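Enquirer: Pasting the sequence and the predicted coordinates here, then a few questions.
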Amino acid sequence: MLRLANYETCRKKSAKDAAIFEIMAVTKALADESRVRLLAALSGGELCACQLIELIGLAPSTVSKHLSILRTARLIEYRKKGRWMYYRHGPDAQAPVAVKTSLDWLLETVRDQRNRILEDRRRLEQILKIDSRGLVSAAGAGRNRGRRAAGELSTGRRDARR
């Protein structure tokens, strides 16, 4: 697994190792549809983590992991305001040219070509109308309620076949 600590270790060893790590981190970050969707959503500006969770429709821990991978690749930046985490595109001034180029290429490529991205944009417009506090309190309950109705959540009972 690629971690920021690995980046620092590679950077200290040699510029060649650091360059390889940067390429692998960006490649890994762009290799997942959910991460590409997150990047496309952030192209419109800064968003709260709760808005991204609602948009992607995955568990908060899964979205958090995706955001961590994007941060490691330096494709996004974050800031914390109270208990809220806000994310935005942000190859900072220290980010390598490869990271900036990759992000520009990705956003240009998916801008209007994928139905899923367009669908996400429409959905994000609706999510942005909702107060963030409402998203946090309703996200888990609503998602679990639908899963329980569909029979996807465990009932807490052991499987009868055991």
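Expert: Perfect, thanks for sending it.

Enquirer: going forward, measure contacts between C-alpha atoms and count neighbours the same way
Expert: OK.

Enquirer: what comes up buried for stretch 129-136?
Expert: For stretch 129-136, the neighbour count (16 or more other CA atoms under 10 Å) marks 132, 135 as buried.

Enquirer: Can you give the contact residues for the strand or helix carrying Thr109?
Expert: Thr109 belongs to helix 97-110 when assigned by DSSP states H and E. Contacts with helix 97-110, where a contact means CA atoms under 8 Å, 6 or more residues apart in numbering, come from 22-23, 26, 39-40, 43, 73-75, 91, 117.

Enquirer: Among these, the buried ones, what's the PyMOL command?
Expert: Buried members of the contacts of helix 97-110, defined by 16+ other CA under 10 Å, are picked up in PyMOL with:
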select buried, resi 22+23+26+39+40+73+74+75+91+117
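
Enquirer: By pLDDT, give me the weakest of the contacts of helix 97-110.
Expert: Lowest pLDDT of those: Pro91, 60.

Enquirer: Would you check that my belief about Glu54 contacting Ile127 is correct?
Expert: Yes: with contact defined as CA atoms under 8 Å, Glu54 counts as touching Ile127 (7.4 Å).
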